[in-house]
Structures are given as C-alpha cells and as structure tokens.
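1. A predicted structure for the sequence below; I have some questions about it.
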Protein chains: 2
Amino acid sequence: MGHGGGGALSAELVEHVFAPAFGGETLATMADSAAVTLGGARLAFSTDTFVVRPLFFPGGSIGDLAVNGTVNDLAMSGARAAYLSCGVVLEEGVEMPVVARVAEAIGAAARTAGVEIVTGDTKVVEAGHGDGVYLNTAGIGLIPDGVDIRPQRARPGDVVLVSGQIGLHGIAVLSLREGLEFDVRVESDCAPLGGLVEAMLAVTPDLHVLRDPTRGGVAAALGEIAAAAGVGVAVDERHLPVPEPVAGACAMLGLDPLYVANEGKLVAFVPRDHADAVLEAMRAHPLGADAAVIGACVADHPGMVVARTGLGGTRVVDLPLGEQLPRIC
Amino acid sequence: MGHGGGGALSAELVEHVFAPAFGGETLATMADSAAVTLGGARLAFSTDTFVVRPLFFPGGSIGDLAVNGTVNDLAMSGARAAYLSCGVVLEEGVEMPVVARVAEAIGAAARTAGVEIVTGDTKVVEAGHGDGVYLNTAGIGLIPDGVDIRPQRARPGDVVLVSGQIGLHGIAVLSLREGLEFDVRVESDCAPLGGLVEAMLAVTPDLHVLRDPTRGGVAAALGEIAAAAGVGVAVDERHLPVPEPVAGACAMLGLDPLYVANEGKLVAFVPRDHADAVLEAMRAHPLGADAAVIGACVADHPGMVVARTGLGGTRVVDLPLGEQLPRIC
C-alpha cells in the first residue's frame, strides 16, 4: 500500500520503474503537470486516478476530487484548466443511483471549476475486482506567456507560502472511514485552485514553484521541491495554519498535520520582492483567505526540509515513506 | 458486465447517465476523440481505461493496448498522437517484476508509436480490490488543417473500407483466457494506426469518418456511425477479411466475427471519388496490406446496418447489446 501513498515509496516506483521504462525528458521533471508545446500552444497536461474510500465524505466526493485534482495539477503550472477527460471503472453490481450521484458530482464540480469534460470511457470489472467506482481524469490547459512554474525553479531567498488551513481533507475522510467522532465536524477542503492562481499571477508572472499538497501533505510537497531544486526549506511550525479540529484529531491519532492530505490548498515559492503583494492577493481570494508565510527557501541543508518547532528547537521533516492514510484520494 | 462491453448498454450508460450529468456539447458528438481548440491549436483529446485479463496475451499486453488504444482514438480524428498521460492502479501484492514488465511494454509501445508519455499517476488499492494492474491513458495530438473527421460526416455514397483482417484481438485474448487451443495460434493485431491514417490523409484530407472497431467489433463501429449520421450502412459479408483461424474459432464458439474486438484496425467512410486511391494508399502501408472495400453508406434504412450474407440474403446487424467477450481491453 505504501507505494501508492505519495511518499518515498511512490517516488521510488516512479523514479526506478516507470520513468526509466517510459523514457522521455518531460516526465523526468516530476512536476504535478507536464508542460508541452503543440501547434504553437504551450500546454499543461496532467492526469490523476482516484480510488478514495468512501466515495462520498463530508465536503465532497470522488467526483469532486477527480475534477479538482486535475484542475489543481494544471494550476500548479500556472495553467487554467480548459478540457478534461474522464475514465470510469465500475464494479459489477454497483448501484445505478450511486453511479448517477458520482456522475452528477463530476458535472457540478466541472461547472464550478469552469472546465468542460469532452471525452470519456467506461469499463466494468467483475464484482470483487473493483471497489464501486474508480475514476481517472486527465486535463489540458494553456500556460500563459512568460510563466515558467516548476519545482526546479525554487531559489534560496524565496518566501514559502501556504494558501490556507491544512489537513482538512485527510482528517475528513479518515474520521468518516474510521467512525471517529470529533466535537467539530471536519469537512474536506476540496476546491479548484485555478482562480486563486490567476489572482497570484496577476501580481507577477514570476512565481517560482506551486504545488498542491495532496497525498503526503505539505511535508511531501516541500520535500519534493527541495529535492528537485537542490535547495533547503526552513519552515516555522508556529506559522502553519492548522485548524483546531485537525490539531485535535492529529493529537488523538498520533498523526502530524504536516503529512495529512489537502485537496484545495497550494504551497508557493515566491521571490521575496513579490511575496507581500502575492500574499495580499491570495488573502483577497475566497480560497486564500487564511494564506500565510510558513517559511523560506535556504541555501543550507540542500534537499532537506527543516522545521522550527513550537518549543524553539528544529527537526528534520522527512519525505513520508509510505502512507499514513491510504486511499485518501 | 454488459454496461462495459461497448455495446448498446454502454451507449445507454453514456447517453443517459454520464453525458447529461457532465453537460457540454463536445462530449455529445460521441466520437472516439474530442476535437477542441486551445491557444489557437486544433487538438484531438481522448482517454481510455484498460482492464484486460490476462495482462499478457499473444501479440501484446495491457501496456500495448493502453498506448495503442489512445493513439488510435486520436488517429480516428486524423490526429497524430503527440503526448500521452498514464494512470496506474496497482493491486496490493502484485509482483514488482509484473509491474516492471507492464511499464516496459508501455515504454516500448510509446516508442513504436512515436508518442511521449509526459505525465502519470500511481495508486495502490488493497488486495482483492483490483486485478493486478489497471491502466488509463489520455492523449493529445494536433488535427491537421482542413481535416474534419467524425461520425456525423458519413454520407450516402461513401465507400466503406476496413484496413485489414478482423477479429484477431478478441479471439487471441479469449482463446488464452478460456484455455482454448486452435491449430493456428491467433495473435492480437494491437498496433498504432497514426502512420496509416497519415498515409490515407496524404491522398485527401476529405476522409469523412474513421473508427477503430474495438469493443463490439466492426458491427458496433458501423452501428454507431449509422446512428450518429442518420444514414444506412450496407455491408457485404463476402468481402469481410475474416482470417481462417478467426472464422474457425468463431464457428466453434458461436461468435460472429463482426462483433469481435480489433486493436489495430480501422473502418473508413470515404467519398466515392477518392476511394480507389485511398484503398491503394492503405494497401501500400504495412498495417493496411489486407485493406478491403466492405460496403457502402446508403440513404435507405437510416440508422441501420444491413449485411448481405454469403448465401445472398440480407440480415440486420444490430448494435451488440452487451458484451460477447468481457474485459477484452
């Protein structure tokens, strides 16, 4: 299971099995989406598969995840998603109202995100060989002129921002699945980030890195950027916007909010000169109201993320090995 | 299972559940791939999911299918595939050498087809919730200027061609799965059709319809075109290139070769004036050596496919309801 968790085991599978077999230089950039040129147009192209359990959870569903997951991967290249594909694997015996509810969730999420689903495919597997519904989406969008956002562009001196409260999606799904009850109901943050990124790009096209901290959470996102750019990242835990119910649930379950999945947040590496204005633009957007500076990109400890703890000490933030929370998206 | 078979039940699921929920006009064209415009470029965009059992079969593997399936869907818009995405669902416990073999098959097929895999995603589901490996690919390619190939463009008078021997993929997979032994080993015809389509377009950009007869075979492809364009299709069974081992296996199993899946063939509707030259160009290409005229598009019986039988009679070729051969791709 760890190989699907988005952590070090996942990276190993991609780096050592898939990437060498597939060949090609674009895949090797390991960005959330690929930047390609076709017919003179600079396109972002990305895919994601969704196997979340259960199919519906507080704040969203597998259909919302499938649309927003790919919309957000494209946004992490600075592209506004234009068109999506949707591949469906149904398990024999899944009830038609469930399929219809998933389809309606996909359609509603697409309308909210302003993206059109233009092509699809459905396969059915025997009962016991699936899990109700698996979804895959792929998407394409146009990368604006002058925009070059990718993990390799992180530079010492960049300010590291997060767009809002972290850990909501993972805790929402986990609490439902495990039958946990908290005083405050936690809802997934699942949302499309294209508009927020447009607002940030209106300040400056020179954003260095964007990443949506899904599987493996903010820790995995920062760790992958540090590794890709050969830079260090210093985070101040006291500045992490961890909402009270997430902090409480994590304390109870022995989880670290830095590693819990988000589905409507982004981490940004922004040149220091633009950081204040970008932060202000984020806070003016409904999906960035709780945006915060959480750290900086540094020349020290290249490839490594270090957190300053609430007690004033520091600790290394490892890339998660496997998965704290399987089947979270 | 019938809802995944590519026949009438599949069409019903798409027309009545997914298409209305998703909205959008492009999806409603029901072509193998969507034609969209982005940044001034006319693009074909398509997706396919693969759940074939077993993963490896004579003449190919799930990896070959995943690449060629999407490459061919794009080719059916006249586009040469440029970039592919690849989404992988692994079942917990699947052996790493199997994963590596699938990955290598994907890479090799991509190189053969001249397409680059630029983005991917891997998820893992618990043992018993998958079937070893499921794959999804999506692809984009450029549609050449002046090319407008889609089912709605079929016109009475068009000549109907098929690019070669039919029924090979379905019989290859079925015979392996069911442990059937024939005198002659049947291999899948799985192949990328982009080059063949380029050769046909070099004769004239005015090809009306291209379709790759995969699930549901030639019968489903012709039936969908007849329905989409509101035309009749008249096929002469005596001209269908059915290879002897396929004919024999079908006779033994009670199958109709018209309904058996192909993975390296296309059906073309071509204006009569260009038909001879297009047929000649097809036969000059390695993947079209056995190309043949199999019928014509007619004004009679709109929406219906009628076959002239070997005995001189005629029969209606229905859209297959469900699936003769489940999990064939």
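-> All right, it came through fine.

2. and residue A:284, how far is that from residue A:158?
-> 21 Å (CB to CB, to the nearest Å). All C-beta spots, glycine's among them, are computed from the backbone N, C-alpha and C.

3. Comparing the two, which residue is more hemmed in?
-> Set residue A:284 next to residue A:158 and count neighbours by other CB atoms under 10 Å in any protein chain shown: residue A:158 wins out with 26 against 12.

4. phi, psi of the more buried one?
-> When read as degrees, to the nearest 10, the backbone of residue A:158 gives phi -60, psi 140.

5. so it makes contact with residue A:293?
-> No: checked against CB atoms under 8 Å, the pair residue A:158 and residue A:293 is beyond contact range at 11.0 Å.

6. quick one: common contacting residues for the two?
-> Residues touching both residue A:158 and residue A:293 (CB atoms under 8 Å, 6 or more residues apart in numbering or on different chains): none.

7. can you give me the strands in the stretch 101-250 of chain A?
-> Assigned by DSSP state E, counting those that start in this stretch, the stretch 101-250 of chain A shows strands spanning A:116-125, A:133-142, A:159-162, A:209-211, A:232-236.

8. anything in the first one near chain B?
-> Yes: contact between strand A:116-125 and chain B, assessed by CB under 8 Å from any CB of the partner chain, occurs at A:116, A:117, A:118, A:119, A:120, A:121, A:122, A:123, A:124, A:125.

9. Which strand residues bridge the last one?
-> Right, the one you point to is residue A:125. Per DSSP bridges, the residues bridged to residue A:125 are residue A:91.

10. Can you give me the domain assignment for chain A?
-> As given by automatic domain parsing, the domain ranges for chain A are A:39-142, A:151-317.

11. returning to what we had before: among the strands of the stretch 101-250 of chain A, which is the most enclosed?
-> strand A:133-142 (a mean of 29; mean count of other CB atoms under 10 Å in any protein chain shown).

12. So what are the sheet partners of it and their directions?
-> Strand A:133-142 has these strand partners (DSSP bridges): strand A:41-50 (antiparallel), strand A:80-91 (antiparallel).

13. Would you tell me which of those strands gets closest to residue B:84?
-> strand A:41-50 (9.0 Å; CB to CB).

14. so for the helix or strand following the closest one, what's the average pLDDT?
-> Moving toward the C-terminus from strand A:41-50, the next helix or strand (DSSP states H and E) is strand A:56-57. Mean pLDDT, strand A:56-57: 96.

15. Pull up the gap between the residue nearest to residue A:93 when sequence neighbours are not counted and residue B:131, please.
-> In space, and not counting its chain neighbours, residue A:93 is closest to residue A:127: 4.5 Å by CB to CB, 6 or more residues apart in numbering or on different chains. As for residue A:127, its distance to residue B:131 is 12 Å (criterion: CB to CB).

16. Give me the more crowded residue out of those two.
-> With neighbours defined as other CB under 10 Å, residue A:127 and residue B:131 compare such that residue B:131 has more, 22 against 11.

17. That one is in contact with residue B:53, isn't it?
-> Yes: the pair residue B:131 and residue B:53 passes the contact test of CB under 8 Å, sitting 6.6 Å apart.

18. between these two, what contacts are shared?
-> In contact with both residue B:131 and residue B:53: no residue, using CB under 8 Å, 6+ apart.

19. Looking at the stretch 51-200 of chain A, which residue is nearest chain B?
-> residue A:124 (2.8 Å; CB to the nearest CB).

20. That residue against residue B:3, yeah?
-> Yes: the pair residue A:124 / residue B:3 is scored as a contact, 5.2 Å apart, by CB under 8 Å.

21. Need the overlap of contacts for the two.
-> Joint contacts of residue A:124 and residue B:3 (CB under 8 Å, 6+ apart) are residue A:90.

22. re the thing from before, identify the residue spatially nearest to the residue of the stretch 51-200 of chain A closest to chain B, adjacent ones excluded.
-> Per CB to CB, 6+ apart, closest to residue A:124 is residue B:4, 2.8 Å.

23. For that neighbour, give me its contacts.
-> Neighbouring residues of residue B:4 by CB under 8 Å, 6+ apart: A:90, A:122, A:123, A:124, A:125, B:10, B:51, B:323, B:326, B:327.

24. For the stretch 201-329 of chain A, which segments count as helices?
-> Per DSSP state H, counting those that start in this stretch, the stretch 201-329 of chain A carries helices over the ranges A:217-229, A:244-253, A:272-283.

25. So which of those helices is nearest chain B?
-> Taking those one by one with CB to the nearest CB, helix A:217-229 is closest: 14.1 Å.

26. other SSEs contacting that closest one?
-> If contacts are counted by 3 or more CB pairs under 8 Å, 6 or more residues apart in numbering or on different chains; DSSP states H and E, helix A:217-229 sits against strand A:209-211, strand A:232-236, strand A:267-270, strand A:305-308, strand A:314-317.

27. can you state the direction angle for the second one and helix A:217-229?
-> Counting by axes from the mean of the first three to the mean of the last three CA atoms, to 10 degrees, strand A:232-236 lies at 160 degrees to helix A:217-229.

28. List the neighbouring strands of strand A:232-236 plus their orientation.
-> Strand A:232-236 pairs in its sheet with strand A:292-298 (antiparallel), strand A:305-308 (parallel), by DSSP bridges.
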